[in-house]
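Engineer: sequence and predicted structure, then a few things I'm wondering about:
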Amino acid sequence: MQPDFFSGRTEAVDTSAIPEAKNWAARAAWLKSELNRHSHAYYVLDNPTIPDAEYDRLFRELVEIEQLHPDLLTSDSPTQRVGGKPLPQFEQVRHSMPMLSLNNAFDETDIAGFDRRAREVLQAAADIEYSTELKFDGLAISLRYEEGVLVQAATRGDGTTGENVTANVRTVRAIPLRLHVQHAPKVLEVRGEILMYKSDFAKLNARQRDADQKEFANPRNAAAGSLRQLDPRITAQRTLRFFAYGIGVLEGAEMPPSHEALLEWYASLGLPVCQERLVVKGAQGLLDFYQGIGEKRKALPYDIDGVVYKVNRLELQQKLGFVSRAPRFAVAHKFPAEEAMTVVQGIAVQVGRTGAITPVARLAPIFVGGVTVTNATLHNEDEVNRKDIQIGDTVIVRRAGDVIPEVVAYVPELRPATARKFLMPDACPICDSPIVRLEDEAIARCSGGWIKCPAQRKGGLLHFVSRRAMDIEGLGEQLVDQLVDKHVITTAADLYKLGLSALSELDRMATKSAQNVLNALEKSKSTTLARFIYALGIRHVGEATAKELASHFGSLDAVLDASEEQLLEVADIGPVVAHSIRVFLSDPMNVELIAQLRAAGVNWPESAPVENQPKPLQDKTFVLTGTLPTLTRDAAAELIETAGGKVAGSVSKKTSYVVAGEEAGSKLAKAQELGVTILDEAGLFQLLDRK
Ligand SMILES: NC(=O)c1ccc[n+]([C@@H]2O[C@H](COP(=O)([O-])OP(=O)(O)OC[C@H]3O[C@@H](n4cnc5c(N)ncnc54)[C@H](O)[C@@H]3O)[C@@H](O)[C@H]2O)c1
Ligand SMILES: [Zn+2]
């Protein structure tokens, strides 16, 4: 396969097919100029043009070519350098010790290789001790403290020379202007990452949007763009954070003997140090940490693009030393990229349970966030227009955690002349009813309602049976599709009229599975009021609102009888939601549906309205870990919340109780360390006063 040099395509070269050295040279030259161009956009302008994964792919290809053809390796190659040139508008700072990058690892083999090489160099007989931490997705900074006072802050720049951003850094509240210690070292250069929390990023972009200013592509670029301002007053308006993770020059104090000791020392000096870190042994310890953080990644308040492993003992670090642009004693283990580039082959529309029409991009298959993605949501018509996504465009697709993939932006330089704009259809593709869009609503809707529109019917049923609603296992999309298409059922109440014979007649439905569905239906009849309200699919009533309604009113009849004014008394319910609930509950068809569901035997424990209920766990914070003998995690959380308690994701000093089941992991250890009271399920029941 001939490499597609100048079309902007960036697939890895098929090495066997390009024997001639002059092609290699051309490819390498092209890669260098592409990488330089993208680095400039990324490091200097804080405005990347391609996703990181795409950049990394080009980078790795160049590394491979340079390994095969060392004569093509020049000292100005992007593979030999760190970052980008400092902006000339800033005063320059020469780093007394260079600020380096990190080598990347992408899989277990890379990690095994890293560990093996370290053991070889160190001639280690036993497992090496590593200090593991997060790879923050921000920008590196060097903070120079003299006699404990912050005197200079500099960006990494090209590693040798950075930008003087002292005035800006002084506005970052997370960074102490003076170290919290009586006898501070003469000189201490703290190195770490400046970053922006996801919530602050969202707020900043909302402000930018309101002010008709350019939005930032991601928190990293927002952090970099906010710090590298010529006017510190702008930096001061942005909430930036900081974590320390390294050291440059140190004078007048003993260097801590290990990385972990360094971080502990930093913490004692009042410098922010991230708590998500461990000291582990050997390659397996590294992989366990990677996996644990991978599970937590989405819940962290900031973006990380991987984890970092450092040989813990300082003397071993010194033995391992450095390669050209990175230390040999450390490696960054990257997570699968959350952003990738692909082509929009078409834009279709999907009809949701409330009739909402969602434009969906049909994509050339792309591996992103650990899975292959072929569709990505474009949210609504306004979004498509605002982002100006057209059919034929090359776009950046983002899939973070298990969030639905979305199209972030298109790449202007790759728009073909044949690109076509998306047009919202006039009629529902499923039921042909007119599509209407009310004034001041972003969403266009099929006007068919669930009576005319099978898509809405299916959507409503799928919502009804979903895990957080009635939790009817085994009733998936395929089954609901068939039940609706074959007119076996119309409403959720019909589900409870299903018999074995009707179910067994469906495609791919063995008697055993049919029986399982019936059992699940039967089991679902005992539910909670909150789940039931949520399952009804009232517009604007999500899980949290359903819970509020249930605990406020205590019984369904009280909800049914509530006026809009009474609904407004519920915490977090505003006029739009109150109105939507009232409209839904006033519709005779919904009243009938609810009556039928109750008649079918759907039931829940009712209780007194909120003001009369005891709240034994008021103001207590719980953390759940491990598997409990009888309660699922959701059920335990529900019990705690109903009793007034809060459930948090991680253990801290503020945690009142940790409820631990079997195979409880690091949270249990943390609780023991902090002396937090640990309960088993029985202990929880005791607190709840339930036997
Ligand atoms: N999209 C683009 O156009 C584009 C262009 C250039 C670079 N990039 C991205 O930047 C990356 C290369 O940048 P890089 O050289 O800054 O390397 P890097 O981001 O891969 O790794 C080095 C950096 O990691 C940071 N870091 C975070 N947590 C750390 C920790 N706990 N310990 C030590 N360091 C930590 C430091 O800032 C350090 O300088 C590429 O992999 C690419 O994804 C993207
Ligand atoms: Zn329709």
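Structural biologist: All right, it came through fine. Ligands and ions are numbered 1, 2, ... in the order given.

Engineer: which other helices and strands contact the helix-or-strand element of the chain with minimal mean pLDDT?
Structural biologist: When the helices and strands of the chain are scored by mean pLDDT, DSSP states H and E, helix 633-642 comes last with a mean of 85. Counting contacts by 3 or more Cβ pairs under 8 Å, 6 or more residues apart in numbering; DSSP states H and E, helix 633-642 packs against strand 621-625, strand 646-648, helix 681-688. C-beta coordinates here come from the backbone N, C-alpha and C atoms, glycine included.

Engineer: how far off centre is the last one?
Structural biologist: The offset between the C-alpha centroid of helix 681-688 and the centroid of the whole chain comes to 33 Å, using Cα atoms, centre = their mean, to the nearest Å.

Engineer: same question for the first one.
Structural biologist: A distance of 22 Å separates the centroid of the chain from that of strand 621-625, by Cα atoms, centre = their mean.

Engineer: name the residues of whichever helix in the chain runs longest that are buried.
Structural biologist: In the chain, taking DSSP state H as the definition, the longest helix is helix 21-39. In terms of neighbour count (16 or more other Cβ atoms under 10 Å), helix 21-39 has its buried residues at 24, 27, 28, 30, 31, 32, 34, 35, 38, 39.

Engineer: ok, now stretch 378-397?
Structural biologist: Of the residues in stretch 378-397, 378-381, 383-384, 387, 389-397 count as buried by neighbour count, 16+ other Cβ under 10 Å.

Engineer: among those residues, which are located in helices?
Structural biologist: Secondary structure from DSSP H places 381, 383, 384, 387 of these in helices.

Engineer: I'd like the distance between the third one and residue 410.
Structural biologist: What it means is residue 384. The spacing between residue 384 and residue 410, counted by Cβ to Cβ, to the nearest Å, is 11 Å.

Engineer: ok, residues contacting the helix or strand that contains residue 565?
Structural biologist: Under the criterion of DSSP states H and E, residue 565 resides in helix 564-568. For helix 564-568, the surrounding residues in contact (Cβ atoms under 8 Å, 6 or more residues apart in numbering) are 549, 573, 574, 575, 577, 578, 579, 581, 582.

Engineer: list the buried residues of it.
Structural biologist: Neighbour count says helix 564-568 has 566, 567 buried, by 16+ other Cβ under 10 Å.

Engineer: tell me the helix or strand right after it.
Structural biologist: Next helix or strand after helix 564-568 toward the C-terminus (DSSP H and E): helix 575-586.

Engineer: what packs against that next one?
Structural biologist: When contacts are defined as 3+ Cβ pairs under 8 Å, 6+ apart, helix 575-586 sits against helix 556-561, helix 564-568.

Engineer: out of the buried residues of stretch 378-397, who's near ligand 1?
Structural biologist: Near ligand 1, judged by Cβ under 6 Å from any ligand atom, there are no entries from the buried residues of stretch 378-397.

Engineer: just the closest of the residues you listed to residue 587, please.
Structural biologist: residue 380 (25.3 Å; Cβ to Cβ).

Engineer: the closest one and residue 352, how far apart?
Structural biologist: With Cβ to Cβ as the criterion, residue 380 and residue 352 are 11 Å apart.

Engineer: got any residues that touch both of the two?
Structural biologist: Common contacts of residue 380 and residue 352 (Cβ under 8 Å, 6+ apart): residue 358.

Engineer: tell me which parts of the stretch 451-600 of the chain are close to ligand 2?
Structural biologist: By Cβ under 5 Å from the ion, the residues of the stretch 451-600 of the chain that approach ligand 2 are residue 453.

Engineer: if you set the cut-off to 8 Å instead, what comes out?
Structural biologist: With Cβ under 8 Å from the ion as the criterion, the stretch 451-600 of the chain comes near ligand 2 at residues 452, 453, 454, 455, 456.

Engineer: for the last one, which non-adjacent residue is spatially closest?
Structural biologist: In space, not counting the residues next to it along the chain, residue 456 is nearest to residue 450; the distance is 4.4 Å by Cβ to Cβ, 6 or more residues apart in numbering.

Engineer: doesn't the one you found lie inside a strand?
Structural biologist: No: residue state for residue 450 (DSSP: H, G, I helix; E, B strand; the rest coil) corresponds to helix; a strand is not indicated.

Engineer: ok, it touching residue 457?
Structural biologist: Yes: counting by Cβ atoms under 8 Å, residue 450 touches residue 457, with 4.7 Å between them.

Engineer: looking at those two, which has the bigger crowd around it?
Structural biologist: residue 457 (25 against 21; other Cβ atoms under 10 Å).

Engineer: which strand or helix spans that one?
Structural biologist: Judged by DSSP H and E, residue 457 forms part of helix 454-465.

Engineer: could you pull out the buried residues of the next helix or strand after that helix?
Structural biologist: Remark: after helix 454-465, the chain's next helix or strand is helix 477-485, criterion DSSP H and E. Within helix 477-485, the residues that count as buried by 16+ other Cβ under 10 Å are 479, 480, 482, 483, 484.

Engineer: farthest-apart pair in those residues, please.
Structural biologist: Using Cβ to Cβ, the buried residues of helix 477-485 reach their maximum pairwise distance at 479 and 484, which is 9.7 Å.

Engineer: what about residue 553, distance to ligand 1?
Structural biologist: According to Cβ to the nearest ligand atom, to the nearest Å, residue 553 and ligand 1 sit 49 Å apart.

Engineer: what does residue 261 give?
Structural biologist: Separation of residue 261 from ligand 1 (Cβ to the nearest ligand atom): 16 Å.

Engineer: contact residues of the stretch 51-200 of the chain facing ligand 2?
Structural biologist: On the criterion Cβ under 8 Å from the ion, ligand 2 has no neighbours in the stretch 51-200 of the chain.

Engineer: residues of the stretch 51-200 of the chain that sit close to ligand 1?
Structural biologist: 51-52, 55-56, 82-83, 101-102, 104, 133-136, 140, 156, 193.

Engineer: tell me which residue in the stretch 351-500 of the chain sits closest to ligand 1.
Structural biologist: When scored by Cβ to the nearest ligand atom, the stretch 351-500 of the chain has residue 396 as its residue closest to ligand 1, at 9.7 Å.

Engineer: helix, strand, or coil at the nearest residue to that residue once chain neighbours are set aside?
Structural biologist: Distances taken as Cβ to Cβ, 6+ apart put residue 408 closest to residue 396, at 4.5 Å, once the chain neighbours are dropped. When classified by three-state DSSP, residue 408 comes out as strand.
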